[in-house]
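1. Next comes the sequence, and after it the predicted model I'd like to discuss.
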Amino acid sequence: MLEVNGLTKAYGKLVAVNGVSFRADRGETVGLLGPNGAGKTTTVSIIAGLLSPDSGEVLIEGKQVKSDTDPVKLKIGLVPQDMALYDQLTARDNLIFFAALYSLAGAKAKQSIDDALTLVGLLDRANDKVGTFSGGMKRRLNLAAALLHDPQLLLLDEPTVGVDPQSRNAIFENLEVLKKRGKTLIYTTHYMEEAERLCDRIVIVDHGKVVANDTLPALHRLLPVTNVIAVELDQADGFSPEQMLALPEVKAAEVKQSTLRVGVHDLARGAPGVLRWLSDHGHSYHHVSSEQPNLETVFLTLTGRSLRDS
Amino acid sequence: MIQFMALVRKDLRLFFNDRRAVAVGMLVPIVLASFFGYLFGGQGGNAETSRVAVLVIDEDGSNISRGLIAQLASDKNLDVKPATMDTAREAVRKGKATAAIFIPKDFGKDAGHALFTGNGKPELGVLYDPSHRVELGMVKGILSGAVMQTVSKEMFTGKSGREMVNDSLAQVENNPQIAPDVRHALTDLLGSVQKLNERQDAERSRAGASGQLDSYGGLSMPYETREQAITSGDNVEYNGYAHSFGGMGVQFILFMGLDVGIALLTLRQTGLWQRLRAAPLSRTMLLGSRTVSASLIACVILIVLFSFARVVFGVRILGSVAGMVGVCVAFSLMTAAFGLMVAAIGETVEATRGYAIMATLFMVMLGGAWVPTFVFPAWLRKLSVIVPTRWAMDGMDNMTWRGLGFSSAIAPIVVLLLFTLLFDAIAVMRFRWRTD
């Protein structure tokens, strides 16, 4: 459905996108995960035809967007990061206008508008002015506006920014419905939880470059550890975690405050050895748990920085 | 076509949905146009013009100085009041009087002698407010006429005038420096004046008249003016509101055009711009729809303004209605193109707003929208043809109170359309369609 090959875009000396390549198959949801300023929005803007790349190409079902009025654009639905609605008009009037931009009018437009409003749960507010909507409702309408012409490829640029958890869930449910309908979704976010929940594949972007591109389990396999044993020590002062690296199952160990985190590949084989070692060395503890590494850990491992710190 | 109509309809709805802005946008030009229209003559002959305040300091106290003051006071354009030198100077300095005329001692006597001999001309002092130079010219003109009439009348009919004629005759006859042929001519002239005075005395005695100074005689202006305002037809008076409503319409529509440009610049910074750009929409379609919607809004504003002026102030299109429509449409298109050019050239909203307002005010001022161009110096009048507003104003004036035919609208329409093409060309060339 979508092929992005070697995209590069620079603004003066700042290289915003540096050789980005990935692909998305029909019905697949691909997450572009990276901190603010990583080049996600620039990449989406190039895919949507808003920006020209300095080099590289974007193919949508094998075709490039060659002009402003290229019919290939009909295959794309863009949900911009900024709200793209007229507050002074009603929800329905907004959608009538956006439908007309894709030459939809009359009964066909009405059906599309009703379908989109139903999907995002705003049919009962269709005749209210958008200015009276909450932030979450506006976000949902922002999504509906991109669906009117029934595009196969949806570009969602941080569609949940600034919304409450309830609205975020509602948007996720809408996207899951679209996914079930076979739409291809490109979803940019800097929230790892969103990428983990929605995406079949995740492209991790940092400083304009793709640092990883795979499914969630495959990304986890990139890590030196796949499980973490968290031990709440009674007394952490003077504890030196480096000594534990001598154990054959232990790949990493650190102490923060009074919590000891030990990375192992195999939880069943590693955990007894770790706990025995603590007892043998006179370290008492009051709580033990296990953690699975997440995308935050993956990003940290790949870039040396935390997603939120970037 | 669906896209184009949707874009135009959306712009119109956004404009007219903001009812407060629409009301203010219509009300403010109406109020200003009503005010300026009243100042510039209102509805013809009923307009009351203010008189020029003039103070007179009379240190002569002669028949001539009193006659001069009476002559000045009789002029409908002047409001003449006596004053002392100190109070007159203070009043002019404070702007309470436009000018003060100082009549020195022996002015009458010296002026009488100077009338015949050309020697020893007395001086009339004129103090004036430098911010009223135009009125000063008028005061000096009226003063010249009044002095000539008063002095000559006294010389030919008044008691002191007769004495001066006799004195002058004696001086001429006894002055060896005057050449014989000149002496002969002056003696003849003064002798004729003496004979004229004697004849007038005899006529006065027969008529039993009192023989007052200003009853008859003396020099008078050798012409009278018959004023006739040339408007669209006989008995059709000039209506100052026609110009002012056109002027304020031009000004506020230009500002509306400016808003269109600024709104386009602002739009570029929003998600709406991305959504528009993501749609299969051409630059021509977007800019063209903006041109049409802004032109329609401009036409609506003009219709509302002139409808108000028609109902309340009796402003009528006395010339070609088709010409008026043509001028209004051409001006509306030019305004829309101006707005797009602003959006195309502008970098940031803030900076663009600043220089675009300056350019707009420049065009409004030079175009004669505030005050008619006839008050401009000649060079500025010639220069003002470089701004499109001058042509819009000329076209509207031609079609309203001047009552001219369609042919007089052709030049303004053509020039306005040429400006439209120029501005549109710049807009299309410079408009940064992509967001990078």
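-> Done, it's in. Residues are numbered from 1 along each chain as shown, chains lettered A, B, ... in the order given.

2. Any stretches of the stretch 301-436 of chain B with poor pLDDT?
-> The stretch 301-436 of chain B contains residues with pLDDT under 70 at B:433-436.

3. okay, now the residue of the stretch 251-400 of chain B found nearest chain A: neighbour count?
-> Residue nearest to chain A within the stretch 251-400 of chain B (CB to the nearest CB): B:G271, separated by 3.3 Å. Placement of C-beta: from N, CA and C, glycine included. Neighbour count of B:G271, defined by other CB atoms under 10 Å in any protein chain shown: 19.

4. Then B:G405?
-> Counted with other CB under 10 Å, B:G405 comes out at 13.

5. And B:V147, by the same measure?
-> Neighbour number of B:V147 under other CB under 10 Å is 20.

6. so it sits in a helix?
-> Yes: under DSSP: H, G, I helix; E, B strand; the rest coil, B:V147 sits within a helix.

7. my guess is it meets B:L124, correct?
-> Yes: counting by CB atoms under 8 Å, B:V147 touches B:L124, with 7.3 Å between them.

8. returning to that earlier point: quick one: residues contacting the residue of the stretch 251-400 of chain B closest to chain A.
-> A:80-84, A:142 (CB atoms under 8 Å, 6 or more residues apart in numbering or on different chains).

9. again, only using 6 Å
-> Contact analysis of B:G271 by CB atoms under 6 Å, 6 or more residues apart in numbering or on different chains lists A:80, A:82-84.

10. Write out the residues of the stretch 1-150 of chain B neighbouring chain A.
-> Counting by CB under 6 Å from any CB of the partner chain, the residues of the stretch 1-150 of chain B close to chain A are B:2-3, B:6, B:10, B:14, B:17.

11. Could you break the chain into its assigned domains?
-> No chain specified, so I'll use chain A. Here the domain assignment for chain A is A:2-221, A:227-292, based on automatic domain parsing.

12. look at chain B instead
-> B:2-43+B:240-430, B:50-215.

13. Any figure for the gap between the spatially most central residue of chain B and B:R381?
-> By CA atoms, centre = their mean, chain B has its centre lying nearest to B:V375, at 4.4 Å. B:V375 is 9 Å from B:R381, where distance means CB to CB, to the nearest Å.

14. again, but for A:L156
-> Separation of A:L156 from B:R381 (CB to CB): 61 Å.

15. who's in contact with residue 154?
-> Assuming you mean chain A. Contacts of A:L154 (CB under 6 Å, 6+ apart): A:77, A:183, A:185.

16. Hmm, no, I was thinking of chain B.
-> Listed by CB under 6 Å, 6+ apart, the contact partners of B:E154 are B:63-64, B:161.

17. Name the helix or strand for it, please.
-> Assessed by DSSP states H and E, B:E154 sits inside helix B:133-157.

18. after that helix comes which helix or strand?
-> Counting by DSSP H and E, the next helix or strand C-terminal to helix B:133-157 is helix B:159-174.

19. Tell me which residues of that following helix come out buried.
-> Residues of helix B:159-174 classed as buried by neighbour count (16 or more other CB atoms under 10 Å in any protein chain shown): B:160-162, B:164-165, B:168-169, B:172.

20. which residues sit against stretch B:406-413?
-> Applying CB under 6 Å, 6+ apart, the contact partners of stretch B:406-413 are B:320, B:322-323, B:326-327, B:330, B:391, B:394-395, B:398-399.

21. Please tell me how far that stretch is from the chain's geometric centre.
-> Here stretch B:406-413 is found 24 Å from its chain centre; the criterion is CA atoms, centre = their mean, to the nearest Å.

22. What of stretch B:87-96?
-> 25 Å.

23. Figure out how far stretch A:279-294 is from the centre of its chain.
-> 32 Å.

24. Tell me the buried residues in that stretch?
-> Across stretch A:279-294, burial judged by 16+ other CB under 10 Å covers A:283, A:285, A:293-294.

25. What is the nearest of those to B:V193?
-> Distance to B:V193 across those (CB to CB) is lowest for A:N294, with 122.5 Å.

26. what residues are up against that closest one?
-> Contacts of A:N294 by CB under 6 Å, 6+ apart are A:M192.

27. Dihedrals phi and psi, it?
-> Backbone geometry at A:N294, expressed as degrees, to the nearest 10, gives phi -120, psi -170.

28. if we can go back for a sec, the contacts of stretch B:406-413: which ones sit near chain A?
-> Applying CB under 6 Å from any CB to those, none is adjacent to chain A.

29. nearest to B:A294, of those?
-> Taking CB to CB as the measure, B:A330 is the one of these closest to B:A294, at 13.6 Å.

30. hmm, back to that, could you redo the residues of the stretch 1-150 of chain B next to chain A as TSV and give each row secondary structure, distance to A:I47 and pLDDT?
-> As requested, the residues of the stretch 1-150 of chain B next to chain A are arranged in TSV below (DSSP: H, G, I helix; E, B strand; the rest coil; distance: CB to CB, whole Å; pLDDT from 0 to 100):
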residue	secondary structure	distance to A:I47	pLDDT
B:I2	helix	26	88
B:Q3	helix	22	89
B:A6	helix	25	93
B:K10	helix	26	91
B:L14	helix	30	89
B:N17	helix	34	85
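
31. Any chance of a PyMOL selection covering the buried ones in those?
-> In PyMOL syntax, the buried subset of those is picked out as below (16+ other CB under 10 Å):
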select buried, chain B and resi 3+6+10
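
32. tell me the strands in the chain, going along the chain?
-> In the absence of a named chain, chain A is used. Assigned by DSSP state E, the strands in chain A fall at A:2-11, A:14-24, A:29-33, A:55-60, A:76-79, A:153-157, A:184-189, A:201-206, A:209-215, A:227-233, A:250-256, A:259-264, A:285-291.

33. other chain: chain B
-> Under DSSP E, chain B gives strands at B:52-58, B:78-82, B:99-103, B:125-128.

34. counting contacts, what elements does the last one pack onto?
-> So the one you mean is strand B:125-128. If you count contacts as 3 or more CB pairs under 6 Å, 6 or more residues apart in numbering or on different chains; DSSP states H and E, strand B:125-128 packs onto strand B:99-103.
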